[in-house]
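Engineer: Structure of the sequence below:
(one chain, ligands or ions: 1)
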Amino acid sequence: MASPSSSTRAPSAASPSPADSGRPRPPPPRPTRDRDTDAAARASLGADVDADDYVPYVPLRQKQAGARRFGDAVARPRRALDPSVDLADAGRRGHGLEDAGPPGFPDPDGGGDGAVQLSVGPHAKTDLEKELEREAAILAAQSRQKQLVSDRELALGTTYTEPMVTSWRPPRHVRERPAEVDAQIRARRHILVEGESVPPPCETFQEMRVPPAIIRYLAGRGIHAPTAIQIQGLPAAFAGRDVIGIAFTGSGKTLAFTLPMALEAECRLPLAPGEGPTGLVICPSRELARQTYDLAVALSEALTADGHPPLRPLLAIGGVSMGEQAEVLRLGPHMVVATPGRLQALLDAHKFTLHDCTYLCMDEADRMIDMGFEEDVRKIMSYFTAQRQTLLFSATMPKKIQAFARSALIQPVVINTGRAGAASMNIVQEIELVPDENKMVYLLNVLQKTSPPTLIFAENKSDVDAIHEYLLIKGVDAVAIHGGKDQSEREFAINQYKTRQADVLVATDIAGKGLDFKEIKHVINYDMPKEIEDYVHRIGRTGRSGKTGMATTFINRGCNIEILLDLKHLLREAKQVIPPVLQALDDPTDQFDAAAANTECGFCGGLGHRITQCPKLLAKNRAQMASQREGFGGSGY
Ligand SMILES: Nc1ncnc2c1ncn2[C@@H]1O[C@H](COP(=O)(O)OP(=O)(O)OP(=O)(O)O)[C@@H](O)[C@H]1O
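Structural biologist: Residues are numbered from 1 along each chain as shown. Modelled structure (predicted):
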């Protein structure tokens with residue numbers, strides 16, 4: 001959630017003239033194709049292929065090793081789309097994967113040569129049940145590998161069987177109403193729940209017994225009624241239940257996990273020096289942590305203004321001197337909001353302990369695991385010495401992550417208020433086929449689609465810098481953030497953008513993840529991210545809190561085919577126009593019935609491929625095999 005930010009100002013690196021400020025200048029004449037030509041090109045995939053119809057020979061071994069690219073896919077015959085092809089025959093032969101070569105996966109039964117071949121027999125791939133069974137086995141094998149339990153608890157054999165107990169109860173009229181009424185509320189608000197004895201949904205903050213000071217603070221921010229994830233997530237959290245919360249970007253998840261932490265801390269006042277925190281939120285990026293911290297501070301201040309003793313939140317992120325928060329550390333923080341690396345460093349240095357911590361939330365838990373923080377998180381778990389309530393929130397939550405996390409959860413309530421992995425329906429998503437060399441200039445055109453603020457994402461820091469520089473030259477008020485900039489530069493840029501002194505923010509994924517900027521009208525993906533979850537999180541910066549937004553994404557022949565298939569399925573699910581260039585893609589899931597084809601990949605959550613074609617799983621297995629080989633080599637045998 002956004003909150004008042006600091007008023008730090010610094011001179012702009014390259015200030016355009018005041019007359020220019022605010023809006024992009026009219027673009028120069030488009031150097032490439034006009035819109036009609038573009039549309040025609042997109043409509044005719046062949047045209048794109050004809051432009052470069054030399055298809056180099058790729059040995060099968062190499063095909064197996066490499067992820068498929070968009071260019072490869074369109075160059076391959078599309079049997080499933082070709083009416084002249086006998087589909088039954090195509091089905092008997094498999095679903096077209098022979099061309100790309102079967103990816104190898106570890107044999108879930110542990111037998112064979114360590115690889116499952118997709119082309120295993122004349123009937124194997126036309127049998128959906130067998131396919132699903134095999135997928136389940138692969139998923140189970142992956143989920144078994146490591147779990148989210150601390151080594152300490154594993155060593156001691158500590159297991160918890162009952163959820164935490166709290167004194168929170170909903171009002172009598174909510175407690176005593178028939179279960180069908182709860183079911184009706186959930187159905188009306190599109191809330192899906194799984195779990196035992198799920199606490200009832202509460203449609204008002206009053207029903208949740210939120211203190212009046214907080215209700216007044218929220219009203220002052222235009223928040224009068226809870227969103228769907230809050231309707232079910234807050235009662236579950238107040239009741240002490242472990243939660244997996246999956247909800248669209250911009251749907252109010254931050255409040256759903258920060259408010260229970262603040263109220264828990266408020267209940268457990270006062271702390272003696274050396275005690276605390278009672279609550280901990282771990283976030284995958286500094287910016288996300290700062291936003292959650294800002295909300296924790298605001299909620300604490302709202303309580304203090306109403307006569308409650310002050311709460312002490314602590315922000316533990318890299319790039320911020322802990323000296324500033326020495327007083328909070330000395331007195332003992334009630335709540336800590338942290339990124340994994342800094343948190344572990346502080347715990348290792350005994351700056352505080354987690355002995356009193358009974359509330360743990362991981363924001364964007366799946367992304368955190370994906371970004372390689374898995375080991376950090378596991379180590380952090382070992383600092384807990386007693387049972388805690390664990391909550392995992394994200395807009396995307398692949399089943400593999402859920403399986404990994406469930407070991408740390410006790411009778412969790414799974415709340416899903418929007419299909420996992422799907423993008424917000426409030427965003428108009430447009431896909432543009434733009435060759436790399438034209439992207440920069442075309443960007444100026446696309447900027448005109450909406451009024452600012454606009455957010456541009458690029459995968460690489462160097463692209464972020466190049467786009468930033470180009471926009472400044474063209475007179476656009478732009479700022480940029482990426483991991484290579486120091487903390488004060490990042491904070492300055494964000495502040496300029498938040499206070500509308502800059503119209504455009506250019507960012508890499510990590511820097512831009514989870515940012516809650518009010519009123520972003522347009523997100524432009526200068527490149528298609530490597531993972532569909534990143535696409536969901538990126539475009540989710542717009543269309544927030546019920547507002548509508550626009551997202552434009554540049555794709556071209558360099559894109560990975562699986563990500564484009566995921567994108568196609570995601571667009572279909574969000575009821576968006578699917579451009580011809582994506583329509584024409586050869587889709588291995590076409591052979592399954594629609595319901596099965598829409599099942600997300602159990603490993604990564606992608607919607608356009610199944611686990612047997614998952615590029616991430618393939619890459620992971622490849623890396624594992626490589627490290628095993630290295631291990632053999634290193635041992636001297
Ligand atoms: N009940 C509510 N009613 C109206 N606005 C709300 C409500 N709860 C939160 N908001 C506002 O909605 C915006 C988005 O909230 P938030 O950042 O928590 O979303 P999110 O689900 O965490 O998104 P992301 O997945 O992108 O991190 C914030 O500006 C917040 O103030």
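Engineer: Checking L392 next. Helix, strand or coil?
Structural biologist: Using DSSP: H, G, I helix; E, B strand; the rest coil, the structure places L392 in strand.
Engineer: So it is in contact with A247, correct?
Structural biologist: No: here L392 does not reach A247: they are 11.9 Å apart, not a contact under CB atoms under 8 Å. For the C-beta atoms, the positions are set from N, CA and C on the backbone; glycine is no exception.
Engineer: Check whether stretch 342-362 comes near the ligand.
Structural biologist: No: Stretch 342-362 lies out of reach of the ligand by CB under 6 Å from any ligand atom, never closer than 11.5 Å.
Engineer: Which positions in that stretch come out as buried?
Structural biologist: By neighbour count on 16 or more other CB atoms under 10 Å, the buried set for stretch 342-362 is 342-344, 346-347, 351-354, 356-362.
Engineer: Give me the subset of these lying in helices.
Structural biologist: Among the buried residues of stretch 342-362, the members found in helices (DSSP state H) are 342-344, 346-347.
Engineer: how much space between L329 and the ligand?
Structural biologist: 27 Å (CB to the nearest ligand atom, to the nearest Å).
Engineer: likewise P615?
Structural biologist: From P615 to the ligand the distance is 24 Å (CB to the nearest ligand atom).
Engineer: and if you look at A466?
Structural biologist: Here A466 is placed at a distance of 26 Å from the ligand (CB to the nearest ligand atom).
Engineer: Contact partners for that residue?
Structural biologist: By CB atoms under 8 Å, 6 or more residues apart in numbering, the contact list for A466 reads M440.
Engineer: mind checking the SS state of it?
Structural biologist: helix.
Engineer: how near is it to E287?
Structural biologist: With the distance defined as CB to CB, to the nearest Å, A466 ends up 22 Å from E287.
Engineer: just the strands in the stretch 201-350 of the chain please.
Structural biologist: Assigned by DSSP state E, counting those that start in this stretch, the strands in the stretch 201-350 of the chain fall at 243-247, 279-282, 313-316, 335-338.
Engineer: To the ligand, which of those strands lies closest?
Structural biologist: Minimum separation from the ligand across those (CB to the nearest ligand atom) falls at strand 243-247, 5.7 Å.
Engineer: so what does the closest one touch, helix or strand wise?
Structural biologist: If you count contacts as 3 or more CB pairs under 8 Å, 6 or more residues apart in numbering; DSSP states H and E, strand 243-247 packs onto helix 228-238, helix 253-267, strand 389-394, strand 413-417.
Engineer: near the ligand, which residues of the stretch 101-250 of the chain?
Structural biologist: The stretch 101-250 of the chain comes close to the ligand at residues 221, 223, 226-227, 230, 247, 249-250, as judged by CB under 6 Å from any ligand atom.
Engineer: Filter those residues down to the buried ones, PyMOL style.
Structural biologist: Only the buried entries of these go into this PyMOL selection, using 16+ other CB under 10 Å:
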select buried, resi 223+226+227+230+247+249+250
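Engineer: Which entry within the residues of the stretch 101-250 of the chain next to the ligand corresponds to the minimum pLDDT?
Structural biologist: Among those, T249 has the lowest pLDDT, at 76.
Engineer: so who does it touch?
Structural biologist: So, once contact is read as CB under 8 Å, 6+ apart, T249 ends up touching 395, 423-424, 536-537, 539-541, 543-544.
Engineer: Then E432?
Structural biologist: By CB under 8 Å, 6+ apart, the residues touching E432 are 38, 442, 446, 552-555.
Engineer: That one should be in a helix, yeah?
Structural biologist: No: counting by three-state DSSP, E432 falls outside a helix, being strand.
Engineer: Would you mind measuring from it to the ligand?
Structural biologist: On the measure of CB to the nearest ligand atom, E432 and the ligand end up 24 Å apart.
Engineer: What of H190?
Structural biologist: 15 Å.
Engineer: SS state for that residue?
Structural biologist: coil.
Engineer: Could you double-check that it lies in contact with N416?
Structural biologist: No: the pair H190 / N416 is not scored as a contact, 9.1 Å apart, by CB under 8 Å.
Engineer: So for these two, which residue has more residues nearby?
Structural biologist: Per other CB atoms under 10 Å, whichever of H190 and N416 has more neighbours is N416, with 19 against 11.
Engineer: Can you tell me, leaving aside adjacent residues, what's nearest to the residue of the stretch 101-250 of the chain found nearest the ligand?
Structural biologist: Residue of the stretch 101-250 of the chain nearest the ligand, by CB to the nearest ligand atom: T249 (3.6 Å). In this structure, T249 finds its nearest non-sequential neighbour in G540, 2.2 Å apart by CB to CB, 6 or more residues apart in numbering.
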